[in-house]
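**Q** Could you work out the structure for the sequence below:
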Amino acid sequence: MKTMESDVTVLAGDIGGTKTNLGIFVRGERRPLLKIVETYSSKDASGLEDILTCFLEKHDLNVDRACFGIAGPVSGGRSKTTNLPWEISAARIGRRFGWAHVGLLNDLAATALAIPFLTGRELASLNRVRAGREKNVGLVAPGTGLGEALLLFINGRYMPVASAGGHIDFAPNSPIQLKLWTYLRRRFGHVSNERVLSGPGLANLYAFLKDEGRYREPAWLKKAMTAFDPPKVIAENALSEKSAICSAALDLFVSILGAVAGNLALTGMTSGGIYLGGGIPPRILPALRKETFMKPFTDKGRYRGFLEKVPVRVILNDRAALLGAAIRALDSIPFRNAP
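**A** Numbers count the residues shown, from 1 in each chain. Predicted coordinates for the structure are as follows:
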């Protein structure tokens with residue numbers, strides 16, 4: 001096998017319900033440097049080991065350490081993925097591929113670890129508050145599902161805290177949201193934040209507005225919703241202002257996201273910032289820049305003043321979780337000039 005130019009070669013992974021990203025990193029001056037990256041369809045594989053085998057057959061490299069961010073709970077080096085029928089074991093992977101150092105962590109915890117290492121070009125600001133250092137940080141990430149995590153600054157270092165916050169109760173805070181809750185309760189029983197703040201969640205909002213007779217669905221839009229990915233159709237037609245129902249669905253989505261992000265900021269006292277990750281926020285950035293997001297974010301009564309001082313950023317780097325997994329793998333190796 002080949003050896004790369006660094007003395008430590010890390011295989012990092014971001015394992016999601018839709019796709020799996022694998023990357024080879026080496027130690028860098030400021031943060032791990034990505035040398036090789038491949039993307040695989042998660043649903044087309046029977047497990048992570050199959051994808052790792054394909055990757056290693058293509059890239060013949062010695063791996064010193066491996067770490068994988070998993071879309072699901074991680075405990076004792078094992079994980080059962082939330083949106084895939086996979087059971088992942090760090091020990092089993094280590095035995096299979098002969099690796100002595102294999103780690104697993106929640107994918108949102110991995111993304112959170114990357115936040116202090118992201119550059120200004122990898123972030124978009126939603127307010128004019130300057131980001132502070134060495135303070136608690138929160139992460140909300142709507143995509144295939146909804147993830148939340150905290151990055152707490154404790155004893156001179158950042159510690160990621162994974163959560164299942166996407167599955168807590170959806171708390172309506174307006175008349176239309178109360179009707180939305182009732183509608184979803186009839187359909188699903190328990191109504192979590194993920195039922196509204198995810199790709200399928202955006203489709204649920206659209207269905208609510210249509211089924212309640214609030215907006216008409218034109219024939220061209222009905223056809224597009226059948227032929228293409230519904231969340232993508234809704235977002236694109238909302239941003240281009242081609243459809244009233246799509247615009248209303250996206251506005252409702254953004255408003256609820258603002259409220260949920262504000263709630264996490266209070267839960268973690270995240271004076272270091274709230275960051276929006278996942279696949280959806282970068283795609284709807286123009287909608288997030290409106291008051292529709294920031295108003296419910298700060299509308300928390302006596303804590304408005306605190307929330308007005310919390311920086312809010314959108315993560316534009318779609319490989320942040322991959323970077324975070326590499327950072328965890330190299331955790332014992334010092335980095336120079338890290339923020």
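**Q** drop to CA atoms for contacts and neighbour counts, all remaining ones
**A** Fine.
**Q** Pull the residues that contact the longest helix along the chain.
**A** Taking residue count as the measure and DSSP state H as the definition, the longest helix of the chain comes out as helix 244-268. Taking contacts as CA atoms under 8 Å, 6 or more residues apart in numbering, the residues outside helix 244-268 that touch it are 136-138, 140, 150, 196-197, 202, 205-206, 209-210, 215-217, 234-235, 237-239, 241, 270-271, 273-274, 287-288, 292-300, 307, 310.
**Q** With stretch 120-131 instead?
**A** Contacts made with stretch 120-131 from outside it, assessed by CA under 8 Å, 6+ apart, are listed as 272-273, 288-289, 294, 309-317.
**Q** before we move on, the earlier item: quick check: next helix or strand after the longest helix of the chain?
**A** Per DSSP states H and E, helix 244-268 leads on to strand 274-276 as the next helix or strand towards the C-terminus.
**Q** Measure how buried R96 is and give me the count.
**A** Using other CA atoms under 10 Å, R96 has 11 neighbouring residues.
**Q** Would you indicate which residues of the one helix or strand it maps to are buried?
**A** Under the assignment given by DSSP H and E, the secondary-structure element containing R96 is helix 90-97. Buried residues in helix 90-97, counted by 16 or more other CA atoms under 10 Å: 90-91, 93-94.
**Q** Quick one: list the elements packing against it.
**A** For helix 90-97, the packing partners by 3 or more CA pairs under 8 Å, 6 or more residues apart in numbering; DSSP states H and E come out as strand 102-106.
**Q** Quick one: residues in contact with the helix holding R96.
**A** 49, 77-78, 99-104.
**Q** Tally up the residues packed near L197, please.
**A** Taking other CA under 10 Å as the definition, L197 ends up with a neighbour count of 30.
**Q** V102 versus that one, what's the distance?
**A** Using CA to CA, to the nearest Å, L197 is found at 32 Å from V102.
**Q** Repeat that for P73.
**A** 17 Å.
**Q** And the two? Which one has more around it.
**A** The neighbour count for P73 versus V102, taken as other CA under 10 Å, is higher for V102 (23 against 17).
**Q** Mind telling me what element G17 is part of?
**A** Using DSSP H and E, G17 maps to neither a helix nor a strand.
**Q** N83 touches S42, doesn't it?
**A** No. N83 lies out of contact with S42 (CA atoms under 8 Å); the separation is 9.9 Å.
**Q** what residues do the two have in common as contacts?
**A** Once CA under 8 Å, 6+ apart is applied, the residues that N83 and S42 both contact turn out to be 16-17.
**Q** More neighbours: which of the two?
**A** The residue with the greater number of neighbours, taking N83 and S42 and applying other CA under 10 Å, is S42; the counts read 20 against 15.
**Q** Apart from its neighbours in sequence, what residue is nearest the more buried one?
**A** Of all residues not flanking S42 in the chain, K19 sits nearest, at 4.7 Å (CA to CA, 6 or more residues apart in numbering).
**Q** Can you name every helix or strand that the helix or strand containing L22 contacts?
**A** For L22, the host element (DSSP H and E) is strand 19-26. In terms of contact count using 3+ CA pairs under 8 Å, 6+ apart, strand 19-26 is assigned the packing partners strand 9-15, strand 33-41, helix 320-329.
**Q** circling back: tell me the most packed of the contacts of helix 90-97, by neighbour count.
**A** Each of these was scored by neighbour count (other CA under 10 Å); the top score is that of L104, with 26 neighbours.
**Q** Surely it and R78 touch.
**A** Yes. With contacts defined as CA under 8 Å, L104 counts as touching R78 at a distance of 7.3 Å.
**Q** next structured bit after the strand or helix carrying F55?
**A** Using DSSP H and E, the element containing F55 is helix 48-58. Taking DSSP H and E as the definition, the helix or strand that follows helix 48-58 towards the C-terminus is strand 65-70.
**Q** Convert that next one to CSV, retaining C-alpha atoms only.
**A** Below are the C-alpha coordinates for strand 65-70, written out as CSV (Å, rounded to 0.1, in the frame of the first residue of the first chain):
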residue,chain,number,x,y,z
ARG,A,65,-7.0,6.2,12.2
ALA,A,66,-10.6,6.2,11.1
CYS,A,67,-13.6,8.1,12.5
PHE,A,68,-17.2,8.2,11.2
GLY,A,69,-20.0,10.7,11.9
ILE,A,70,-23.2,8.7,12.0
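**Q** Appreciated, that's everything.
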